[in-house]
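Engineer: here are the coordinates; sequence isn't available:
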């Protein structure tokens, strides 16, 4: 599946879930309009799921949700660890937007001994030694990295060594990782710089 | 400039800034390798800045930084407001990755009266009434939205009414905005779902 399609699937799911339960079908035009994507793209993207709308009717909304969830792997419940419990790590631990049926935050970890044992959203912050044990014991493959930039590579190396295969990296540092590990970088500064570009061209 | 190019410029800047000061020149191959982009793309992207490397030598590193910062509008210092001071808003207020010469967080605002006056990173949380006044007084055009999903659209409408032109939206809600307003959506759940897709296909 093309990367751009994969990146739009969560958006479609979000749009469909936000629609009222009274909507049993949805046309590609309506979905396109809500998602802000053109409708030919919507139809093409959904065809990768094996989903073809009925002409004049559209897609069965709930069936499409099921297909999207299946494609996105949300029918499994992935155990996830969060490393680095500053404001951002705490925000993510409390984040209501994570699909509770798709992800299960099994622990929060920090290198700062003074934080160990502190409660955050029903968890107690654990040590980096426990992190390695937990990854192995629970067969964790996904990690969210919210350490300071300076610590990110060392922690990432440890995660990979312990068996992590997917990293969502919020640390403002580019990680060197084996090709077998998938990483999504969320760089908050980058997002603001992209907006700044458009602001600058607007006033130019 | 193509959207994909704009989105890579912050990455190039980050890579160049991370290189040691002893590196006075950089080739497109080296930059491509650090950034994880292919080198033909690097050369094409940089050509939009009017920057063409010298064959066999590459680009002047500092000059390229200046050009990137200029293109990204980072030579202006944009005043920014943050609305919604939960964990994520606090994390962003403290975020070290924001370029202090490019952005200036002038205030944090929350609708919860019990939070007004609380200190966060050298700021005191202000009310939504003050937000509207501050936007006008400081001619603020950029806002970071970290409210709960349910409040996001109402706050966004107010921001637009007050003169905001660019919104970085962390609330897990799709905003309806006029075409004149640029919005970047950072959906943390989406990022995790994209990783989940790759995890699911890996084990399929």
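Structural biologist: Thanks, I have it. Note that the structure is a prediction, hence the values are computed from the model and not measured.

Engineer: how about low-confidence regions in chain A?
Structural biologist: Confidence mapping of chain A against pLDDT under 70 gives the ranges A:96-97, A:100, A:203-204.

Engineer: Per the annotation, how does it divide into domains?
Structural biologist: A:3-71, A:78-190 (automatic domain parsing).

Engineer: can the ones you listed go into JSON lines with extra columns for distance to chain B and mean neighbour count?
Structural biologist: Glycine gets a C-beta too; all of them are placed from N, C-alpha and C. As requested, the domains of chain A are arranged in JSON lines below (distance: least, C-beta to the nearest C-beta, whole Å; neighbours: other C-beta atoms under 10 Å in any protein chain shown):
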{"stretch": "domain A:3-71", "distance to chain B": "4", "mean neighbour count": "16"}
{"stretch": "domain A:78-190", "distance to chain B": "3", "mean neighbour count": "18"}
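
Engineer: wait, what's in contact with the closest residue to residue A:25 other than its chain neighbours?
Structural biologist: For residue A:25, ignoring the flanking residues on the chain, the nearest one in space by C-beta to C-beta, 6 or more residues apart in numbering or on different chains is residue A:58 at 4.7 Å. Residue A:58 is in contact with A:25-28, A:30, counting by C-beta atoms under 8 Å, 6 or more residues apart in numbering or on different chains.

Engineer: in the sheet, who's paired with residue A:58?
Structural biologist: Beta bridges link residue A:58 to residue A:54, judged by DSSP bridges.

Engineer: In contact with the residue nearest in space to the middle of chain A, which residues are there?
Structural biologist: Computing the C-alpha centroid of chain A and ranking residues by C-alpha atoms, centre = their mean puts residue A:168 first, at 7.1 Å. Contacts for residue A:168 (C-beta under 8 Å, 6+ apart) come out as A:142-145, A:183-184, A:186, B:191-192, B:195.

Engineer: Could you do residue A:17 as well?
Structural biologist: For residue A:17, the contacting residues are residue A:65, by C-beta under 8 Å, 6+ apart.

Engineer: Which strand or helix spans it?
Structural biologist: Using DSSP states H and E, residue A:17 sits within helix A:3-18.

Engineer: need the next SSE after that helix, C-terminal direction.
Structural biologist: Going down the chain from helix A:3-18, the next helix or strand is strand A:25-26, by DSSP H and E.

Engineer: what does that next one rub up against?
Structural biologist: Residues outside strand A:25-26 that contact it (C-beta under 8 Å, 6+ apart) are A:16, A:19, A:57-61, A:64.

Engineer: contact partners of whichever helix or strand comes after that strand?
Structural biologist: Following strand A:25-26 in sequence order, the next helix or strand is helix A:28-35 (DSSP H and E). Contact partners of helix A:28-35, identified using C-beta under 8 Å, 6+ apart, comprise A:8, A:11-12, A:15-16, A:18-19, A:38-39, A:41-43, A:46, A:53, A:58-59, B:174.

Engineer: got the angle for helix A:28-35 vs helix A:3-18?
Structural biologist: Orientation of helix A:28-35 against helix A:3-18 (axes from the mean of the first three to the mean of the last three C-alpha atoms, to 10 degrees) gives an angle of 90 degrees.

Engineer: For residue A:15, which non-adjacent residue is spatially closest?
Structural biologist: residue A:34 (4.5 Å).

Engineer: And residue A:110, by the same measure?
Structural biologist: Nearest to residue A:110 is residue A:85, by C-beta to C-beta, 6+ apart, at 4.5 Å.

Engineer: ok, the one you found - contacts?
Structural biologist: Contacts of residue A:85 (C-beta under 8 Å, 6+ apart): A:93, A:108-110, A:115, A:118, A:120, A:125, A:146.

Engineer: Residue A:175 too?
Structural biologist: Residue A:175 sits next to A:152-153, A:156, A:167, A:169, A:183, A:185 when contact means C-beta under 8 Å, 6+ apart.

Engineer: okay, among the residues you listed, which ones form the most distant pair?
Structural biologist: A:153 and A:185 (12.9 Å; C-beta to C-beta).

Engineer: Quick check: which element contains residue A:80?
Structural biologist: Going by DSSP H and E, residue A:80 is part of strand A:78-83.

Engineer: hmm, who's touching that strand?
Structural biologist: Here strand A:78-83 makes contact (C-beta under 8 Å, 6+ apart) with A:89, A:92-93, A:102-110, A:128, A:131, A:134-135, A:138-147, A:155, A:159, A:164, B:192, B:196, B:199.

Engineer: next SSE after that strand?
Structural biologist: With elements assigned by DSSP H and E, the helix or strand that comes after strand A:78-83 is helix A:87-93.

Engineer: continuing past that following helix, what's the next helix or strand?
Structural biologist: The helix or strand immediately downstream of helix A:87-93 is strand A:103-109, counting by DSSP H and E.

Engineer: Show me what secondary structure element comes after that next one.
Structural biologist: Moving toward the C-terminus from strand A:103-109, the next helix or strand (DSSP H and E) is strand A:119-120.

Engineer: Can you list the strands that that following strand pairs with?
Structural biologist: Strand A:119-120 has the following sheet partners, assigned by DSSP bridges: strand A:123-124 (antiparallel).

Engineer: distance between the strand it pairs with and the chain's centre?
Structural biologist: Relative to the centre of its chain, strand A:123-124 is centred 22 Å away, using C-alpha atoms, centre = their mean, to the nearest Å.

Engineer: now whichever helix or strand comes after that strand against strand A:78-83, angle please.
Structural biologist: Scanning forward in sequence from strand A:123-124 by DSSP H and E, the next helix or strand is helix A:128-137. Between helix A:128-137 and strand A:78-83, the angle comes out at 170 degrees (the same axes, to 10 degrees).

Engineer: helices or strands up against helix A:128-137?
Structural biologist: Applying 3 or more C-beta pairs under 8 Å, 6 or more residues apart in numbering or on different chains; DSSP states H and E, one finds that helix A:128-137 contacts strand A:78-83, strand A:103-109, helix A:149-162.

Engineer: Residues touching it, excluding its own?
Structural biologist: Counting by C-beta under 8 Å, 6+ apart, A:81, A:83, A:106-107, A:109-111, A:126, A:140, A:143, A:155, A:158-159, A:162-164 sit against helix A:128-137.
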